[in-house]
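Visitor: kindly generate the corresponding structure for this input.
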Amino acid sequence: NLMPLRTIPFSIVCLLGMNDGAYPHPEKQQSFDLLASAPKRPGDRSRRQEDRYLFLEALCSARQQLYISYVGRAAQDNSQREPSLLVSELQDYCRQQGALAGGGDPVAHLTRRHRLQAFHPDYYPVRATASPRLPHCLPPSFSLDWSEDRLVIEVHDQGTRPELPAEIHLDWLSALVGDPLRAYYRQTLQLQLDAFEESATVEEPFALDGLDRFRLAQAQLLAWRDTAEDELDDESNAAPSLLTEWRLQGRLPRAPLDRMVWQEECQRLQPLRQHLRHAFSQHGISSQAFVLAWQGARVFGQFAISPIGQVELSASPKQEKDFFAFWVRHVVWNYYLGSSGESTEASGASVKLTPASQLSLPPLTSADAAAYFAQIMTLAQDALRAPQLFLPKTAYAQIFSKDSEAQNQFRNESQRADWLRACLCGDWQGTQAPEQMPELTTHVLLQQVMKYREQVSIVEWPDCPRASV
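Guide: Reported below is the predicted structural model:
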């Protein structure tokens with residue numbers, strides 16, 4: 001529509017989609033329009049004539065440049081498509097009134113034919129004068145995403161380890177070491193899907209998908225962890241502020257479905273809620289901040305602790321997904337107890353509670369905690385340097401399950417995009433077939449866990465003894 005601001009002069013005027021049949025707009029006669037059924041009379045409104053007049057005003061509004069685009073070829077069969085009648089008349093006028101100094105068609109000189117796909121090789125020629133930082137790069141662009149600072153990726157020598165950040169959060173460290181293959185591509189190569197912002201949707205939720213249910217359950221667990229005991233006993237008063245917050249954010253269906261979805265999630269987490277109420281009836285869960293120094297870096301974060309040790313709540317019923325990330329937190333927790341020198345009633349054990357099971361890790365000796373912590377920091381450096389042959393679910397199955405279960409887990413994890421990329425592109429030294437399960441028993445994390453394997457306890461909730469404080 002060329003109506004808004006059509007008479008205001010602009011330096012550049014762009015007209016997009018000027019195809020035949022799209023502009024001028026075709027006149028659509030409605031069945032109830034009595035004027036359209038009557039014979040034409042002088043002075044009657046004509047939509048096509050109005051569009052011609054608006055097109056002329058747009059031409060007159062351009063002071064320096066006029067940009068007109070249309071689809072010249074069909075994407076289905078590459079057949080030629082004609083421009084708008086007004087554009088064709090403008091081209092004919094340019095041929096009649098314009099001329100080039102060296103001869104030739106002036107319209108062909110002013111017309112640029114684009115490729116069908118934006119990633120065609122013609123759009124990426126080598127720069128004539130290469131930059132010393134980027135010897136082979138794209139033509140100059142005004143986009144910040146194509147700036148030299150964004151395009152330069154620091155590649156570390158395979159023989160040296162990159163420096164860790166000066167500030168290391170415990171969540172970042174556990175995610176990095178717990179799944180180093182995924183962390184390498186997301187953090188070192190910056191291949192992460194969440195870099196692209198999704199457009200806001202206008203859909204009204206009638207039900208929660210799997211991811212939203214997980215987020216709601218995780219938020220409920222964190223709210224219950226910080227809830228007083230008398231409020232935790234009252235099921236009707238379970239995290240009312242969280243329910244109000246999700247309602248106001250529009251993340252729950254409209255009433256009365258919101259209450260039904262909320263109660264359904266509370267019912268699913270009821271076994272875990274009962275164990276929380278019994279285990280922490282006398283002593284609640286408190287938050288403990290910590291700071292550790294390691295070779296010029298600062299490792300910091302928070303622990304949820306109680307007299308039985310470190311406590312973590314997870315809405316995911318499966319332990320194998322984040323087991324090694326939890327083991328990293330367990331090692332850091334024991335190293336903090338041994339190096340801080342502060343007196344605390346909490347033990348070095350760690351307990352992870354899920355809706356289906358309870359995972360208990362034993363306390364570590366001071367020597368093992370210090371050695372394991374140093375090994376984990378080295379693993380973090382290695383994970384930033386190159387992809388590691390480590391699959392967390394397969395490694396978990398090798399420790400706690402039979403070989404057949406490990407094979408099943410590997411068949412699932414071998415379909416991961418990062419695993420296929422690392423195997424097929426040879427991102428690490430040596431060769432690894434995607435369908436061949438790697439040897440994980442020599443990995444440092446597996447050796448750490450195997451030393452305390454007999455003391456690790458994983459019990460399902462129906463038969464789980466309630467370890468009260």
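Visitor: use CA for all of it now, contacts and neighbours both
Guide: OK.
Visitor: how close does Ile68 get to Cys14?
Guide: Ile68 sits 6 Å away from Cys14, going by Cα to Cα, to the nearest Å.
Visitor: tell me which stretches of the stretch 301-450 of the chain form strands.
Guide: For the stretch 301-450 of the chain, the strands defined by DSSP state E, counting those that start in this stretch occupy 309-313, 350-353, 357-361.
Visitor: kindly report the same for the stretch 151-300 of the chain.
Guide: Under DSSP E, counting those that start in this stretch, the stretch 151-300 of the chain gives strands at 167-169, 286-294, 297-306.
Visitor: winner for burial among those?
Guide: Highest mean neighbour count of these: strand 297-306, a mean of 18 (counted as mean count of other Cα atoms under 10 Å).
Visitor: that strand pairs with which strands?
Guide: strand 167-169 (parallel), strand 286-294 (antiparallel), strand 309-313 (antiparallel) (DSSP bridges).
Visitor: quick check: mean pLDDT of the last one?
Guide: With pLDDT averaged residue by residue, strand 309-313 scores 85.
Visitor: now it: how far from the chain's centre is it?
Guide: 27 Å (Cα atoms, centre = their mean, to the nearest Å).
Visitor: what comes into contact with it?
Guide: 218, 221-222, 285, 303-305, 330, 333, 346-354 (Cα atoms under 8 Å, 6 or more residues apart in numbering).
Visitor: just the CA coordinates for it, please, in PDB.
Guide: Presented in PDB, the C-alpha positions along strand 309-313 are these (Å, rounded to 0.1, in the frame of the first residue of the first chain):
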ATOM      1  CA  GLY A 309      24.900 -33.100  52.700                       C
ATOM      2  CA  GLN A 310      24.400 -31.400  49.400                       C
ATOM      3  CA  VAL A 311      20.900 -31.700  48.000                       C
ATOM      4  CA  GLU A 312      19.700 -31.200  44.400                       C
ATOM      5  CA  LEU A 313      16.200 -31.500  43.100                       C
END
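Visitor: what packs against the lengthiest helix in the chain?
Guide: Determined from DSSP state H, the single longest helix within the chain is helix 366-385. Counting contacts by 3 or more Cα pairs under 8 Å, 6 or more residues apart in numbering; DSSP states H and E, helix 366-385 is packed against helix 170-178, helix 180-183, helix 323-340.
Visitor: let me see the contact set for Asp458.
Guide: That one is not Asp; residue 458 is Ile. Ser357, Gln358, Leu359, Ser360.
Visitor: quick one: which of those residues is most hemmed in?
Guide: The most neighbours of any of the contacts of Ile458, using other Cα atoms under 10 Å, belong to Gln358, which has 22 neighbours.
Visitor: I'd say that residue and Val351 touch.
Guide: Yes. Gln358 sits in contact with Val351 when judged by Cα atoms under 8 Å, with a separation of 7.0 Å.
Visitor: so what's the residue count around Thr111?
Guide: 11.
Visitor: and Ala58, by the same measure?
Guide: Ala58: 22 neighbours (other Cα under 10 Å).
Visitor: how close does it sit to Phe410?
Guide: Distance from Ala58 to Phe410, by Cα to Cα: 63 Å.
Visitor: what do you get for Ile168?
Guide: 31 Å.
Visitor: ok, now Pro165?
Guide: From Pro165 across to Phe410, the span is 32 Å (Cα to Cα).
Visitor: Ser404 too?
Guide: 10 Å.
Visitor: neighbour-wise, which of the two wins?
Guide: Applying other Cα under 10 Å to Ser404 and Phe410 shows that Phe410 carries more neighbours, namely 21 against 11.
Visitor: what's the pLDDT at that one?
Guide: Predicted confidence (pLDDT) for Phe410: 90.
Visitor: nearest residue to it other than its sequence neighbours?
Guide: Distances taken as Cα to Cα, 6 or more residues apart in numbering put Thr394 closest to Phe410, at 5.4 Å, once the chain neighbours are dropped.
Visitor: surely the one you found touches Arg411?
Guide: No. With contact defined as Cα under 8 Å, Thr394 and Arg411 do not form a contacting pair (9.0 Å).
Visitor: between these two, which one's more packed in?
Guide: Neighbour count, other Cα under 10 Å: between Thr394 and Arg411, Thr394 has more, with 26 against 16.
Visitor: what about that one, distance to Gln447?
Guide: Separation of Thr394 from Gln447 (Cα to Cα): 15 Å.
Visitor: swap in Ala422?
Guide: Look at Ala422 and Gln447: by Cα to Cα, they are 24 Å apart.
Visitor: try Ala108
Guide: 71 Å.
Visitor: about what we covered before: now do the contacts for the residue nearest to Phe410.
Guide: So Thr394 contacts Ala406, Gln407, Gln409, Phe410, Glu413 (Cα under 8 Å, 6+ apart).
Visitor: same thing with Lys318?
Guide: Taking Cα under 8 Å, 6+ apart, one finds Thr354, Ala356 in contact with Lys318.
Visitor: rerun that using 10 Å as the cut-off
Guide: Thr354, Pro355, Ala356, Ser357 (Cα atoms under 10 Å, 6 or more residues apart in numbering).
Visitor: and stretch 80-96, what's buried?
Guide: By neighbour count on 16 or more other Cα atoms under 10 Å, the buried set for stretch 80-96 is Glu82, Pro83, Ser84, Leu85, Leu86, Val87, Gln91.
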